[in-house]
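In: pasting a predicted model and its sequence here:
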Amino acid sequence: MTAYRVLLAALASLLWCSAAVAIQQIKSLYTAVDLAKCHSAEGREGPAWSCDGLAGFPVYVASGPDGVYLSVGANADKQRAAGQTLKSTNTVFEPGGMRTTIEWRFVVRDGRPVPYATIVRYFTHDATTQGQVLVVMRVTEQEVCHVAYVDALANLDAMVLARKLADTDARAKPCPDVPAVQGARGRSPM
């Protein structure tokens, strides 16, 4: 019976150690994108910039006729996100500014951050209304795309909802054909 208990204890210890290694703590890191510190890049419809982001994941920002296109990664300008923006007129920069913040959701592998999503606040407007929309993007080495939109003015917990979508939908699901609007809506043009 003692040998059986020793075997069970050893097995339990092995399973616990394996589970501890398998669990990866989700973390956030914020980087600022300041166009004054970025380099000019080739844009599809207008001016574009290449900016510093998370290590190994530069940020591509392009200006189009009605909005801003933002993508990340080694080939950011070639990713789907580089051609995605909201339908309403928009910018990622606060009025009068040329700086924005990106929240990176990531895990640590081999001592380095590996992002799986970003969250960026877009400032939107139409003829009568101004708003704010949180754009959740999926980030992998193979694809970068918009996954979900959250009306930041219609949801009291907009950032909590955006983080949940980043940690579930953006992390685990492939890029959707059309990004989903999640949570309450109607306060911000999208």
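Out: Yep, it's here.
In: strands paired with the helix or strand harbouring V107, and their directions?
Out: Using DSSP states H and E, V107 maps to strand 99-109. Strand 99-109 pairs in its sheet with strand 27-34 (antiparallel), strand 112-125 (antiparallel), by DSSP bridges.
In: low pLDDT regions in the chain?
Out: Within the chain, the stretches with pLDDT under 70 are 1-24.
In: quick one, helices of the chain?
Out: Secondary structure of the chain (DSSP state H): helices located at 2-22, 158-165, 171-172.
In: quick one: L70 from L156, how far?
Out: 25 Å (C-beta to C-beta, to the nearest Å). Using the backbone N, CA and C atoms, a C-beta is placed for each residue, glycine as well.
In: neighbour count: the two, which is higher?
Out: Neighbours per residue (other C-beta atoms under 10 Å) separate L70 from L156, with L70 holding more: 26 against 11.
In: which residue is the nearest non-sequential neighbour of that one?
Out: Nearest non-adjacent residue to L70, counting by C-beta to C-beta, 6 or more residues apart in numbering: V61, 5.4 Å away.
In: hey, what's that neighbour bridged with?
Out: Listed by DSSP bridges, the beta-bridge partners for V61 are W49, L70.
In: test my guess that it contacts V92.
Out: Yes: V61 lies in contact with V92 (C-beta atoms under 8 Å); the separation is 7.2 Å.
In: shared neighbours of those two, anything?
Out: By C-beta atoms under 8 Å, 6 or more residues apart in numbering, V61 and V92 have these common neighbours: 33, 68, 70.
In: which ones are touching E42?
Out: Applying C-beta under 8 Å, 6+ apart to E42 gives the contacts 48, 77.
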